[in-house]
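> Build me a structure from this.
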Amino acid sequence: MLAALLLVWLEITTPVWELKAAAEWTDEELAAVLTASPWAQMHRLELPAAKGVGAGGLSNPTLHLFLATATPVREAERELRRRRLQGSVEPERAADSEFEEFLEANPGRYIVLAVRVLRPELLDRPRSVETMERETRLRIGRRSYELVGHFLPTRDDPYVRLIFPRDVRDTDTELRFELYVPGVPLPFRTVRFKLEKLTWRGRPEY
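This next block holds a predicted model:
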């Protein structure tokens, strides 16, 4: 009886990504991995209402971002895509797998932060993209890393995926991203992830 109670307690306190494979997650658990896990953040923005937007419209959107190279997140994105395509008459678009193909070709070389783009039309402007490339940084300790590449959002993937070198050392304590993403205001341009929290099945994942 005591062993059974202990098992129930462990199931309650252990995150779902530690307990089950992605294919076994419910839709709610899948959403939790992508929005409420150590690898994801949601920030409510308080912005002036745009012209023509009534109260409660897009004046207070949510900024969603996550570490797209962490294994639990990769598994969640794969499973989400599989469920969306299940029973669909449309074949999978090449764009859906382009990012995953990039990661498969470069295992362990990069850290990628995905940021939901609130105003994708701003990234149609070359100058905005150039500013993003120039002003976006990953800081780890006293070291600073420039953006080495990115995937722009598409119709099927509304996130800009920012690619940085992966150079994390034993003495490091956090990943600090200093972002310039069009449409993302201060103070949300500085994003921090504590490395001690980014573990999965006993190993670091980011």
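
> rest of the way, CA atoms for contacts and neighbours
OK.

> What pLDDT does the model give the spatially most central residue of the chain?
By Cα atoms, centre = their mean, the chain has its centre lying nearest to Phe66, at 1.8 Å. With respect to pLDDT, Phe66 scores 98.

> Give the bridge partners for it, please.
Taking DSSP bridges as the rule, Phe66 bridges to Ala40, Ala114.

> buried set for stretch 157-164?
Applying a neighbour-count criterion of 16 or more other Cα atoms under 10 Å, one finds 158-164 buried in stretch 157-164.

> and it, average pLDDT?
Per-residue scores along stretch 157-164 average to 96.

> Also stretch 75-85?
In this model, stretch 75-85 carries a mean pLDDT of 91.

> And the helices in the protein?
2-13, 16-19, 27-35, 71-85, 94-105, 126-135 (DSSP state H).

> Please name whichever of those is nearest to Leu198.
helix 71-85 (10.3 Å; Cα to Cα).

> relative to helix 94-105, how tilted is that closest one?
Orientation note: helix 71-85 sits at an angle of 160 degrees relative to helix 94-105 (axes from the mean of the first three to the mean of the last three Cα atoms, to 10 degrees).

> Run through who's touching stretch 35-43.
If you take Cα atoms under 8 Å, 6 or more residues apart in numbering as the criterion, stretch 35-43 is touched by 33-34, 62-67, 70, 73, 188, 193, 197-198, 206.

> Out of those, which comes closest to Ile140?
Of all those, Ile140 sits closest to Phe193, with 10.4 Å by Cα to Cα.

> number of nearby residues for the closest one?
19 (other Cα atoms under 10 Å).

> so who does it touch?
Contact analysis of Phe193 by Cα under 8 Å, 6+ apart lists 38-39, 174-176.
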